[in-house]
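# generate coordinates for the sequence data below:
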Amino acid sequence: MDIGLSGQGEGPKIRLLIVEDDISLRDQLEEGLHYCGFDTMTASDGFAARAITGNHPDLSLILTDMDMPGMTGLELARHVLADRRAAVVILTGKGLPRLEQEAEDAGVFAVLRKPIRLPALAETLRQALASLREAGVR
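Residues are numbered from 1 along each chain as shown. Okay, the predicted model is just below:
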């Protein structure tokens, strides 16, 4: 992934759960998004992410990889969105129009293709959170 750091984010930290099975990419995302002003938490798979969301009922912003062992990012999104109002963004290395339609049907905010530059990813996450706040979710 091309990090492309250009400046630290300002303002209050936004809590974000990053779900990625590739430890190197997970560490890059955590470091880069923390630098952009996010209060990051991480999980290595969908099952760990479900445990974290169960312990953090106020968590409403999730960035997940699509292809992970045991549970896909779309399956995770469906579980999370069945329990709460949240913004979920899925990252994928594949160009699957069907995935985009399934994700939209599930209530996923966006499906983004890897590689992605960090500023564009951070902006999409901020837009996802803004859409929740417009809907009355804090």
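# now do the helices in this structure.
23-35, 46-55, 73-83, 97-106, 118-134 (DSSP state H).
# possible to save these as a markdown table with mean neighbour count, mean pLDDT and distance to Arg15?
(Glycine included, C-beta is placed from N, CA and C.) Formatted as a markdown table, the helices of the chain follow (neighbours: other CB atoms under 10 Å; pLDDT from 0 to 100; distance: least, CB to CB, whole Å):
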| stretch | mean neighbour count | mean pLDDT | distance to Arg15 |
| --- | --- | --- | --- |
| helix 23-35 | 16 | 97 | 11 |
| helix 46-55 | 17 | 96 | 11 |
| helix 73-83 | 20 | 95 | 14 |
| helix 97-106 | 14 | 92 | 22 |
| helix 118-134 | 16 | 95 | 10 |
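# switch those helices over to TSV; also include distance to Thr64.
Formatted as TSV, the helices of the chain follow (distance: least, CB to CB, whole Å):
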stretch	distance to Thr64
helix 23-35	11
helix 46-55	7
helix 73-83	4
helix 97-106	11
helix 118-134	12
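# and Asp58, what pLDDT?
Looking at Asp58, its pLDDT stands at 85.
# got it, and Lys13?
On the pLDDT scale, Lys13 gets 74.
# show me what contacts it?
Gly37, Phe38, Asp39 (CB atoms under 8 Å, 6 or more residues apart in numbering).
# so which residue is dead centre in the chain?
Centrality entry for the chain: nearest residue to the mean C-alpha point is Leu63, 0.9 Å, by CA atoms, centre = their mean.
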